[in-house]
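> Just to be clear, the model below is a prediction. Sequence and coordinates:
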Amino acid sequence: MQVYLDNAATTPLHPAVIEVMHQVMTKDYGNPSSIHAHGRKARTLIEDARKSVAEILKASTGEIFFTSCATESNNMALKRSVIDLGVQRIISSKTEHPCVLNTLAEIKEEYPAVEITYLDVDGYGNIDYSQLDSLLSSGQKTLVSLMHGNNEIGTVLDLQQASDICATHDALLHSDTVQTIGKLDIDLSQTKLSFLSGSGHKIYGPKGIGIIYINNDNMIKSMIRGGGQERDLRSGTENLYGIVGFAKALELLYHEREVHNQKTEALRQYFKTEAAKHIPVVQYNGNQDERYLPHILNISLPKTIKTDLIMFNLDISGICASAGSACSSGAERDSHVHEAIQSDPDRKNIRFSFSSQNTTDEIDYVISKLKDLID
Ligand code: PLP
């Protein structure tokens, strides 16, 4: 049996997304910058996609830009805020995705005057909102960068609270919403953000396409120079089928989000119930009662000779999951997220992440294999 429980890493394409992309690949192949009919058709497809994304996020179309991925969007928001908006301090957290953390490290090197501060997180990965509030009371021009949903442990930020605190102190707020866009409600007319990023391949859409929302009040400039595409914000011939695929994927997920979340929530709960019956030593990382992502379940097992090889053995059994660890110089160590939440070093962390297509039979199979591997 093949079981794919790594949907936080990437999702399969929705068949309706493949269909619209196929149409564009085969028929609507014009260059959107061309003024002839083929070009005009391509331009219309892009502007329709932008309008659809903007409507879902309750933003204006002029605030949505297509990029190559969320990594690019995050790099752009962080770096260009320093260059174009005179940001003197960035406040973030140690549980952000590496594309944020590594960009912050580079900013520190390139712009030593910019102060970078990391908020404390508790053992579940929640930030301390009062610490954010008190840090912001000093008057430097500040950008706060906090992810909406953590991709490893699933802990969810209270975006409204973070936004309210930033608004009180006139700070900019960037949020990496890669794991939440289309799944959780994000209403930019209510929740004020300066920047937001999203990625196609986490929402049953294609790889190689992302978005950045840039609020009109804090417009930045392009990181890439060229022909001035995306209103001079992101030069390079547009990834037309990616853009159309992104918009379609977001529309489908957004309109089905309640059903989608109920399905993943039911699978997550089923996993926990069965694990409690058959693998009593199991524990969980990240929030479990509230403010968690229904599609992510991060478990921990005692470290033994057997569990040390668990990822390898799951793979041999046809099960795709993700380790909460990174391999560096041949030595396995906990991921930066597990380090930040101070996970028990004597336990082995594994992330299972669900799609609406997974089944309880698949979970039964995973639990039985996990049980065999640790017994
Ligand atoms: N941010 C988060 C929270 C993610 O989970 C990922 C993907 O792993 C990224 C950013 C990067 O997205 P992309 O693959 O589009 O660069």
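Good, I have the coordinates. If you're wondering where the values come from, they're calculated on a predicted model, not measured in any experiment.

> can we go C-alpha only for contacts and neighbour counts from here?
Fine.

> Where does pLDDT dip in the stretch 251-375 of the chain?
For the stretch 251-375 of the chain, the stretches with pLDDT under 70 are 324-333.

> Swap in 80 and give it another go.
For the stretch 251-375 of the chain, the stretches with pLDDT under 80 are 324-334.

> And the strands in it, which stretches?
Secondary structure of the stretch 251-375 of the chain (DSSP state E, counting those that start in this stretch): strands at 283-285, 296-302, 319-320, 322-323, 325-328, 331-334, 347-353.

> Break this protein down into its structural domains.
For the chain, automatic domain parsing gives the domain ranges 3-11+257-374, 15-255.

> near the ligand, which residues of the stretch 51-200 of the chain show up?
Neighbours of the ligand within the stretch 51-200 of the chain, by Cα under 6 Å from any ligand atom: 69-71, 97, 150-151, 176, 178-179, 199.

> could these be laid out in JSON lines, adding secondary structure?
Shown next, in JSON lines, are these (DSSP: H, G, I helix; E, B strand; the rest coil):
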{"residue": "Cys69", "secondary structure": "coil"}
{"residue": "Ala70", "secondary structure": "helix"}
{"residue": "Thr71", "secondary structure": "helix"}
{"residue": "His97", "secondary structure": "coil"}
{"residue": "Asn150", "secondary structure": "coil"}
{"residue": "Asn151", "secondary structure": "coil"}
{"residue": "Asp176", "secondary structure": "strand"}
{"residue": "Val178", "secondary structure": "coil"}
{"residue": "Gln179", "secondary structure": "coil"}
{"residue": "Ser199", "secondary structure": "strand"}
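
> Show me the strands in the stretch 1-150 of the chain, by range?
For the stretch 1-150 of the chain, applying DSSP E, counting those that start in this stretch gives strands covering 3-4, 64-67, 89-93, 115-119, 142-145.

> Can you name every helix or strand that the first one contacts?
In terms of contacts (3 or more Cα pairs under 8 Å, 6 or more residues apart in numbering; DSSP states H and E), strand 3-4 is packed against strand 319-320.

> what are the pairing partners of the strand it packs on, and which direction each?
Strand pairing for strand 319-320, using DSSP bridges, gives strand 3-4 (parallel).

> Report the mean confidence score over the partner strand.
Average pLDDT, strand 3-4: 98.

> need the strands of the stretch 1-150 of the chain in TSV with mean neighbour count and distance to Pro345, can you?
Output for these, formatted as TSV (neighbours: other Cα atoms under 10 Å; distance: least, Cα to Cα, whole Å):
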stretch	mean neighbour count	distance to Pro345
strand 3-4	19	27
strand 64-67	25	38
strand 89-93	22	21
strand 115-119	17	22
strand 142-145	26	28
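
> Can you add distance to Leu104 and give those back as a markdown table?
Shown next, in a markdown table, are the strands of the stretch 1-150 of the chain (distance: least, Cα to Cα, whole Å):
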| stretch | distance to Leu104 |
| --- | --- |
| strand 3-4 | 33 |
| strand 64-67 | 20 |
| strand 89-93 | 8 |
| strand 115-119 | 7 |
| strand 142-145 | 10 |
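
> need the contact list for Leu240.
For Leu240, the contact set (Cα atoms under 8 Å, 6 or more residues apart in numbering) comprises 24, 29, 42, 45-46.

> Can you go through these and name the buried ones?
24, 42, 45-46 (16 or more other Cα atoms under 10 Å).

> Can you list which of those are found in helices?
Mapping the buried ones among the contacts of Leu240 onto helices (DSSP state H) picks out 24, 42, 45-46.

> filter these down to the ones near the ligand?
The overlap between those and the neighbours of the ligand (Cα under 6 Å from any ligand atom) is empty.

> Closest one to Gly245 out of those residues, please.
Distances from Gly245 to those, taken as Cα to Cα, are shortest for Val24 (9.4 Å).

> That closest one contacts Ile243, doesn't it?
No: assessed by Cα atoms under 8 Å, Val24 is found out of contact with Ile243, at 10.2 Å.

> ok so, going back, just the strands of the stretch 251-375 of the chain: most buried one?
Looking across the strands of the stretch 251-375 of the chain with neighbours counted as mean count of other Cα atoms under 10 Å, the highest average goes to strand 347-353: a mean of 25.

> How many neighbouring residues does the residue nearest to Thr177 when sequence neighbours are not counted have?
Distances taken as Cα to Cα, 6 or more residues apart in numbering place His148 nearest to Thr177, at 5.2 Å, with adjacent residues excluded. For His148, the neighbour count with other Cα atoms under 10 Å is 26.

> any residues touching stretch 66-81, and which ones?
So stretch 66-81 is contacted by 87, 99-100, 103-104, 107, 143, 174, 176, 178, 195, 197-200, 207-212, 220-223, 230, 234, 239, 243 (Cα under 8 Å, 6+ apart).

> Just the buried ones among the residues you listed, please.
Burial by neighbour count, judged by 16+ other Cα under 10 Å, picks out 87, 100, 103-104, 107, 143, 174, 176, 178, 195, 197-200, 207-212, 220-223, 230, 234, 239, 243 from these.

> Show me which pair in the contacts of Leu240 is furthest apart.
Using Cα to Cα, the pair of these lying farthest apart is Tyr29 and Ile46, separated by 12.1 Å.

> OK, contacts around the nearest residue to His169 once chain neighbours are set aside?
Nearest residue to His169, sequence neighbours excluded (Cα to Cα, 6+ apart): Leu136, at 6.2 Å. For Leu136, the contact set (Cα under 8 Å, 6+ apart) comprises 142, 166, 169, 171.
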